[in-house]
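Participant: Need coordinates for the below:
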Amino acid sequence: GGPNGSLDPAQFAWLEAQLQAASGYWLSPTGEVVRRKGNRDRYLMIFSHHTIGSMDNVSDGSGRLAGPQVRDLLLRYPNVIAWVNGHTHRNQVLPHARAAGSAVGGGFWEINTAAPIDWPQQSRIIELDDNLDDTLSIFCTIVDHSGPISRPGRLTGTASLASLSRELSANDWTERSDARRGDVTDRNVELLLPDPLSARHRHGAPVSA
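Facilitator: Residues are numbered from 1 along each chain as shown. The predicted structure is shown next:
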């Protein structure tokens, strides 16, 4: 269906069922708080290849759903704290907050990371901390691989192959900028958000993202 992403209605329904199974409360499509007795709330991070912005493959008339519709679904579930994705081969961090006046505050972070194939060939460590003050911190740390900058003559192991990969990506004639590294705020960052499992947040007290 083309290089860009989307969800068909069955996948979308499956995703919502998984969200509900891991949630004790959420927002209905019209904004009311829905509670499911007996469900235990869990922190949720969504992982996908595509970003919200790149999920736009919906022009075939099949009823497929684009990134903004998936984003709006996730915003109805306060225990969704992050959406981790790729596709763009770029470091980028974006906030997605609930609308002002929502019964529940906060939102989630979209965390996009560069790819091993393109310069700067980076990965990312993601760590979640409870700050014990009704907030959470998501720490994102960029990791560079350890392939030598100067490639040895023979490709005899993983380090020399990684070094060749670094050389090829740095000399890719189609990439003549450092844009894929992202800004400073897209790399080593602490991302704050309200703790959706704290009693204060769960009972509907408005807390800003």
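Participant: Give me the local confidence score for the closest residue to Ile111 other than its chain neighbours.
Facilitator: Excluding the flanking residues, the one nearest Ile111 by Cβ to Cβ, 6 or more residues apart in numbering is Val84, at 4.8 Å. C-betas here are computed from N, CA, C, even on glycine. Note for Val84: predicted pLDDT of 98.
Participant: Same check on the one 10 residues further on?
Facilitator: Residue-level confidence at Leu94 comes out at 97, pLDDT.
Participant: Can you give me the buried ones in the helix or strand where it lies?
Facilitator: Leu94 is part of strand 92-97 when elements are defined by DSSP states H and E. Judged by neighbour count using 16 or more other Cβ atoms under 10 Å, the buried positions of strand 92-97 are 92-93, 96.
Participant: Output the contacting helices and strands for that strand.
Facilitator: Under the contact definition 3 or more Cβ pairs under 8 Å, 6 or more residues apart in numbering; DSSP states H and E, strand 92-97 sits against helix 67-75, strand 107-112, strand 189-194.
Participant: helices or strands next to the first one in the packing?
Facilitator: In other words, helix 67-75. Taking 3+ Cβ pairs under 8 Å, 6+ apart as the contact cut, helix 67-75 packs with helix 9-21, strand 80-85, strand 92-97, strand 107-112.
Participant: and the angle from the last one to helix 67-75?
Facilitator: Note on geometry: by axes from the mean of the first three to the mean of the last three Cα atoms, to 10 degrees, strand 107-112 and helix 67-75 are set 130 degrees apart in direction.
Participant: And the contacts of stretch 93-104?
Facilitator: Residues outside stretch 93-104 that contact it (Cβ atoms under 8 Å, 6 or more residues apart in numbering): 27, 31-33, 52, 71, 74-75, 78, 83, 105-112, 140, 182, 185-186, 189, 191, 196, 201, 204, 206, 208-209.
Participant: Show me which of the residues you listed are buried.
Facilitator: Buried among the contacts of stretch 93-104 (16+ other Cβ under 10 Å): 27, 52, 71, 74-75, 78, 83, 105-112, 140, 182, 186, 189, 191, 196, 201.
Participant: the helices in this structure, which residues?
Facilitator: Under the criterion DSSP state H, helices of the chain are mapped to 9-21, 67-75, 158-170, 199-202.
Participant: list the contacts for Arg124?
Facilitator: By Cβ under 8 Å, 6+ apart, the neighbours of Arg124 are 91, 111, 113, 140-143.
Participant: Now do the nearest residue to it once chain neighbours are set aside, the pLDDT please.
Facilitator: Distances taken as Cβ to Cβ, 6+ apart place Thr113 nearest to Arg124, at 4.3 Å, with adjacent residues excluded. The model reports Thr113 with a pLDDT of 95.
Participant: shouldn't Thr113 be in contact with Ala82?
Facilitator: No - contact criterion Cβ atoms under 8 Å: Thr113 and Ala82 do not qualify, at 11.9 Å.
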